[in-house]
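>>> need a structure here:
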Amino acid sequence: MKISIIILAAGLGKRMCSSLPKVMHPIGGKPMLAHLLCTARALSPTNIYVVQNALSPVLSEFFSSEKGITWVTQAQQLGTADAVKAVIPHLSARKAEDEYVLILCGDTPLVSVELLTRFLSDLDQNKNSQNTIGFISTNVDNPTGLGRVIRNEQNQAVAIVEERDATDSIRTISEVNSGILALSTALLNKLLPKLSNQNAQKEYYLTDLIQLAVAQGISITTTLAPISSEVMGVNTRHQQAEVERFYQQKQVQEIMEKGACVLDPNRVDIRGVLNCGTDVLIDINTIFEGNNTLGARTKIGAHCILINCDISEDVEILPFSFLSGVKIGKHCQIGPYARIRPDTVLADSVKIGNFVEVKKSHIGTESKINHLSYVGDAVIGASVNIGAGTITCNYDGLFKHQTIIEDDVHIGSDTQLVAPVIIRKGTTIAAGSTVTRNTEAGKLTLTQDLNQRVIENWVRPISSERKKSKE
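Model prediction:
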């Protein structure tokens, strides 16, 4: 079956109370429309049309790198059928006798490829599919605000009635329209001009195609979505939160099926792709953004955030740590309260302790930065021990400079390494030193006065206000 896909993305999203177009609001860290485009491509359509409104060209600008999309503008907000009508000139030009049109809603982001494939198969199996309209419905506990599916005594769908046009008895129906519809290009061209706007909204409803088709003897086929959340639309912030949670549950379920242990599936967010080895353990309130990989037996503590990280096997990241754009070797320990910034690479068995920040640095095997230190723009060798309060002074106010620390160096607490500087192999730096020149290998380097002295007759300075108060 050859299909063209139309994605309706012209909604202003007034109920979202936002200046952002509705389909740009995120689910799982990316815009709703991005989810639909990914799903649409998986169906291998002949073309993808996205209908945007005249007030929001930001859509086509944001997705300008996406290839194979025809952007169509709906001049006025006159309803879903009017939005599809804007695409008709493109469809007519194709003159594909055996082509079908699949219409998706940009605010229904989580419909699966599997459900759409089954839906199209149901339509294609109809003996007279060229003269058939298919749509997806589902049953919900609370159908308020949704279009109800009306069936006759033979249980055939004969109409879809929107909430505002429904009677009290119709409002009790639990089967609702998902907004997903498919029919042949020829049938769409034939029926669409016959729709009217005689309804409460004074809009042209695409759902009116069903009643119009029945009146003309055109058959209707329906596919029931077994999981209503999969075809749930987003019109409010509350619905956005519900869809987000459904998405997260699916993501977490996938990694658990591959062997990850998630202590509370309701308190983990995956906003991108998370690849896990076996026996990974993830504690509560963790967030994964972008593309992350966790090696086997790695443990992620509570309240950690990982963004685009590649983490090897047997790594432990302790609570409240923030890692972004890092590559971590085997058997490392990070945190708690550590921040590892982009372009940092840790070799095997590195330890980064509490309140340590590392930025754009390579740290060698079995090196340790245990407490309260900042290391930036550094290359650190193997078996290096960096004491508490050590700082690489890498920025001169205009340029960044590199600190090189060779193997087997011991740096005492409260040391400042003023870059550019090289700390040679085997160097020991005494606590409290400020190192501005390259050291000598295997030697002790110290810059402070070792003699503790008492300054006689010294007076601590105080402010003039405090001095007056004492007087």
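
>>> so what's L318 up against?
Counting by CB atoms under 8 Å, 6 or more residues apart in numbering, L318 touches 301, 333-336, 338, 354. (Glycine included, C-beta is placed from N, CA and C.)

>>> does the residue nearest to G381 when sequence neighbours are not counted sit in a helix, a strand or a coil?
Nearest residue to G381 in three dimensions, chain neighbours excluded: D407, at 3.7 Å (CB to CB, 6 or more residues apart in numbering). Assigned by DSSP: H, G, I helix; E, B strand; the rest coil, the conformation of D407 is coil.

>>> D407 and K425 touch, don't they?
Yes - shown here, D407 and K425 form a contact pair, counting by CB atoms under 8 Å, at 5.1 Å.

>>> give me the common contacts of the two.
Common neighbours of D407 and K425, using CB under 8 Å, 6+ apart, are G381.

>>> sorry, back to before: what subset of the contacts of L318 is buried?
Buried by 16 or more other CB atoms under 10 Å: 301, 333-336, 338, 354, out of those.

>>> in strands only, show me the residues you listed.
Among the buried ones among the contacts of L318, the ones falling in strands (DSSP state E) are 333-334, 354.

>>> what pLDDT does the model give S19?
pLDDT, S19: 85.

>>> from G233, how far off is it?
Counting by CB to CB, to the nearest Å, the gap from S19 to G233 is 20 Å.

>>> looking at those two, which one has more neighbours?
A side-by-side neighbour count of S19 and G233, using other CB atoms under 10 Å, places G233 first with 21 against 9.

>>> Q239 is in contact with that one, correct?
Yes - counting by CB under 8 Å, Q239 is a contact partner of G233 at 7.1 Å.

>>> count of neighbours near A81?
Other residues close to A81 by other CB under 10 Å number 20.

>>> next one: the one 10 residues further on
Applying the criterion other CB under 10 Å, we find 21 residues in the vicinity of L91.

>>> please name the nearest non-neighbouring residue to it.
L91's closest residue in space is T185 (CB to CB, 6+ apart), at 5.3 Å.

>>> separation between that neighbour and T132?
13 Å.

>>> what sits up against the longest helix along the chain?
Longest helix in the chain by number of residues, with DSSP state H as the criterion: helix 237-257. Helix 237-257 has contacts (CB under 8 Å, 6+ apart) with 16-17, 25, 27-28, 109-110, 229-230, 232-234, 262, 265-266, 268-270, 274, 276, 280.

>>> try stretch 402-422
Outside stretch 402-422, the residues touching it (CB under 8 Å, 6+ apart) are 364, 375, 377-394, 401, 423-439, 441.

>>> change it to 6 Å
377-394, 401, 423-436, 438 (CB atoms under 6 Å, 6 or more residues apart in numbering).

>>> separate out the buried members of those residues.
By 16+ other CB under 10 Å, these give 377-378, 380-382, 384-394, 423-425, 427-430, 432-433, 435 as buried.

>>> how many neighbouring residues does V459 have?
Neighbours of V459 (other CB under 10 Å): 5.

>>> contacts only, for L224.
Counted by CB under 6 Å, 6+ apart, L224 has contacts S137.

>>> again with L188
Here L188 is in contact with V101 (CB under 6 Å, 6+ apart).

>>> host element of it?
Per DSSP states H and E: L188 is located in helix 185-191.

>>> that helix: which residues count as buried?
185-188, 191.

>>> quick check: the residue nearest to L209 when sequence neighbours are not counted vs A347, distance?
Nearest residue to L209, sequence neighbours excluded (CB to CB, 6+ apart): L191, at 5.6 Å. To A347, L191 is 66 Å away according to CB to CB.

>>> export the buried ones among the contacts of L318 to CSV and tack on distance to I7 and pLDDT?
Converted to CSV, these look like this (distance: CB to CB, whole Å; pLDDT from 0 to 100):
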residue, distance to I7, pLDDT
G301, 40, 98
Q333, 47, 98
I334, 42, 98
G335, 43, 96
P336, 45, 98
A338, 43, 98
N354, 48, 97
